[in-house]
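Enquirer: predicted coordinates and the sequence they were generated for:
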Amino acid sequence: MSTSAHRGSLTRRSALGALGAGGLAIAAGPGIAQGARPAELKVGIATYLSGPASVFGVPARQTAEMLFEELNAAGGIGGVKARPIFVDEGPGVDHFVGEYRRLVQSEKVDLLFSAISSASCIACAPLADELKKPTILWDCGTQRIFEDGKYDYAVRSQANATPEILAALLYLLKAKPDFKTIAVINQDYAWGRDSWEIFRTGLETLKPGVRVVAELFPRFGASDFSTEVTRLLATRPDVVLSTSWGGDLDTLIRQAADRKLFDRSTFVLPLAESSLERVGKALPPGHIVGARGDHWFLHPAPQDPARLKTFVDGYRKRFGTYPIYSCHHMAQAVSCMKAGYEKALAAKGGAWPNDAELAAAFRGLTFPSPTSSVTIRPDGQGLENQLIGTSKHVDAYPFAVLDEMVVFPAEPITTPIGQKSTDWLKTLKPDMVSSMPKAMPYRA
């Protein structure tokens, strides 16, 4: 079915409705201050639309387009229809900062979803407060945003790097407790460096004495990892960690598979869920894969199975692939936006909130995700469960699926408010490994 034909066939029981958004499309009625409402709700959305990271960013844009259409078909927010305005993160941080300012000052957007790159989020969080514009950090992972600063206008609708990386480490320590050596190959920018620091600090606390045999940081967007693969073949680490993502990770997996590196080391890939369908059977069985949340179309225990199925089926019918974690994160941002407006509208008796009131409404907010729910803490950080599993080949899919999946509850693996992750990780106790949730097998 063509995209346009499918759009015409969407019903009110859509992916957005399954996320609970139908209850958030507040109809105008008696007591509503109609004059305070804008003609439309403009939402600036930053994602990668070009470059190797577009394999991650374009599916997020597609999700936003799908969900905004469904939102508007259901009446919008408070009777106001929403319009996404997309900008490309691909040209770099300086370009992104200029686009952020343009969206606020020229386009007069009401709200922003920013961004994928951790470097972009580090740049835009202060801008949100400077320009006093509510901003949902919809995908970036760096934990430094709310640990190093305090912002009134920026919140994050998903987890940060610490629970995403700590969950993978705990899973590794349970599944392969006897490893003695490790290497890392990460993209050379804020996310790659920060995520390695988190993993290494947790590892030194929970399993001291593991020897690091290689620390490799190829440039972001690299297309050739032959030097790094050769180094890893020579050092023969028991474990290879890579928190790389997008096209970089796809390329690394294919080149490592071509040279049989997966046969010699166990890989820990906390972001690889987004690559599984694209790399096919290049990723062998037996390697540890994360989903930057509990995002997996074959989730073994979703909070609402019908909600997840509706989201997955709607996306797949429209775009021909399964939704990856960037799609889930975009869905969470849309759900967060709607829940925030609902809360702010209710607090004002139906009158339209100003920017400060909307920003404040996000604090303490709980909203549904396709698989569970997310709560935003008072400091602006989202609490999101984490799913980690082991790659497995099955006849039903032409790519690796996840087996022996563990879903980690968000709060115990997230740095407490007011603490720095590197300090908190040094206080962890070994019983975190023994008390982790029971693994759940793949089910067809």
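Expert: Yep, it's here. Residues are numbered from 1 along each chain as shown.
Enquirer: only C-alpha atoms for contact and neighbour calcs from this point on.
Expert: Will do.
Enquirer: ok, T366 - contacts?
Expert: Counting by CA atoms under 8 Å, 6 or more residues apart in numbering, T366 touches C336, A339, S373, V374, T375, I376.
Enquirer: contacts for the host helix or strand of M405, please.
Expert: M405 is part of strand 401-408, with elements assigned from DSSP states H and E. The contact list for strand 401-408, computed with CA under 8 Å, 6+ apart, reads 167, 171, 276, 289, 294, 300, 385-394, 436-442.
Enquirer: whichever of these end up buried, select them in PyMOL.
Expert: Remark: buried members of those, expressed as a PyMOL selection using 16 or more other CA atoms under 10 Å:
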select buried, resi 167+171+276+289+294+300+385+386+387+388+389+390+391+392+393+436+440+442
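Enquirer: pLDDT score for R37?
Expert: With respect to pLDDT, R37 scores 90.
Enquirer: my bad, S369
Expert: 97.
Enquirer: spatially nearest residue to it, not counting backbone neighbours?
Expert: Q332 (5.4 Å; CA to CA, 6 or more residues apart in numbering).
Enquirer: just the buried residues of the helix or strand harbouring the one you found, please?
Expert: In this structure, Q332 sits in helix 325-347 according to DSSP H and E. For helix 325-347, a neighbour-count test (16+ other CA under 10 Å) marks 325-345 as buried.
Enquirer: R254 contacts K281, correct?
Expert: No. Contact criterion CA atoms under 8 Å: R254 and K281 do not qualify, at 9.5 Å.
Enquirer: now the helix or strand that contains L67 against helix 325-347, angle please.
Expert: Assigned by DSSP H and E, L67 belongs to helix 54-73. Interaxial angle, helix 54-73 versus helix 325-347 (axes from the mean of the first three to the mean of the last three CA atoms, to 10 degrees): 30 degrees.
Enquirer: what helices or strands is helix 54-73 leaning on?
Expert: Here helix 54-73 is seen to pack against helix 15-18, strand 41-47, strand 82-88, helix 246-258, helix 325-347 when contacts are counted using 3 or more CA pairs under 8 Å, 6 or more residues apart in numbering; DSSP states H and E.
Enquirer: and these: which comes nearest E147?
Expert: Closest to E147 of those, according to CA to CA: helix 325-347, at 21.0 Å.
Enquirer: and that closest one, what other elements does it pack with?
Expert: Using 3+ CA pairs under 8 Å, 6+ apart, helix 325-347 sits against helix 54-73, helix 355-361, strand 366-368.
Enquirer: got the angle for it vs strand 41-47?
Expert: Going by the same axes, to 10 degrees, helix 325-347 makes 150 degrees with strand 41-47.
Enquirer: ok so P52 is a helix residue?
Expert: No. Looking at P52 with DSSP: H, G, I helix; E, B strand; the rest coil, it is coil, so not inside a helix.
Enquirer: quick check: A119 touching V93?
Expert: Yes. If you go by CA under 8 Å, A119 and V93 touch, sitting 6.8 Å apart.
Enquirer: so who does D431 touch?
Expert: So D431 contacts nothing (CA under 8 Å, 6+ apart).
Enquirer: which residues in the stretch 201-350 of the chain form helices?
Expert: 226-235, 246-258, 276-279, 305-319, 325-347 (DSSP state H, counting those that start in this stretch).
Enquirer: quick one: closest of those helices to S114.
Expert: helix 325-347 (9.8 Å).
Enquirer: how far does that closest one sit from its chain's centre?
Expert: 14 Å (CA atoms, centre = their mean, to the nearest Å).
Enquirer: how about stretch 300-316?
Expert: The answer for stretch 300-316 is 17 Å, by CA atoms, centre = their mean.
Enquirer: could you export it as CSV, CA atoms only?
Expert: What follows is stretch 300-316, C-alpha atoms only, in CSV (Å, rounded to 0.1, in the frame of the first residue of the first chain):
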residue,chain,number,x,y,z
PRO,A,300,8.3,-10.0,26.3
ALA,A,301,6.1,-8.1,28.9
PRO,A,302,4.8,-4.8,27.7
GLN,A,303,2.6,-2.8,30.1
ASP,A,304,-0.2,-2.8,27.6
PRO,A,305,0.3,-5.4,24.8
ALA,A,306,-2.5,-3.9,22.7
ARG,A,307,-0.9,-0.5,22.8
LEU,A,308,2.5,-1.8,21.7
LYS,A,309,0.9,-3.8,18.9
THR,A,310,-1.0,-0.9,17.6
PHE,A,311,2.1,1.3,17.5
VAL,A,312,4.3,-1.4,15.8
ASP,A,313,1.6,-2.4,13.3
GLY,A,314,0.8,1.1,12.4
TYR,A,315,4.4,2.1,11.8
ARG,A,316,5.2,-1.1,9.9
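Enquirer: in that stretch, what counts as buried?
Expert: Buried residues in stretch 300-316 (16+ other CA under 10 Å): P300, P302, D304, R307, L308, K309, T310, F311, V312, D313, G314, Y315.
Enquirer: quick check: mean pLDDT of it?
Expert: For stretch 300-316, the per-residue pLDDT averages 97.
Enquirer: adding distance to V58, write the contacts of T366 out as a markdown table.
Expert: Compiled in a markdown table, the contacts of T366 are given as follows (distance: CA to CA, whole Å):
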| residue | distance to V58 |
| --- | --- |
| C336 | 20 |
| A339 | 25 |
| S373 | 24 |
| V374 | 23 |
| T375 | 26 |
| I376 | 26 |
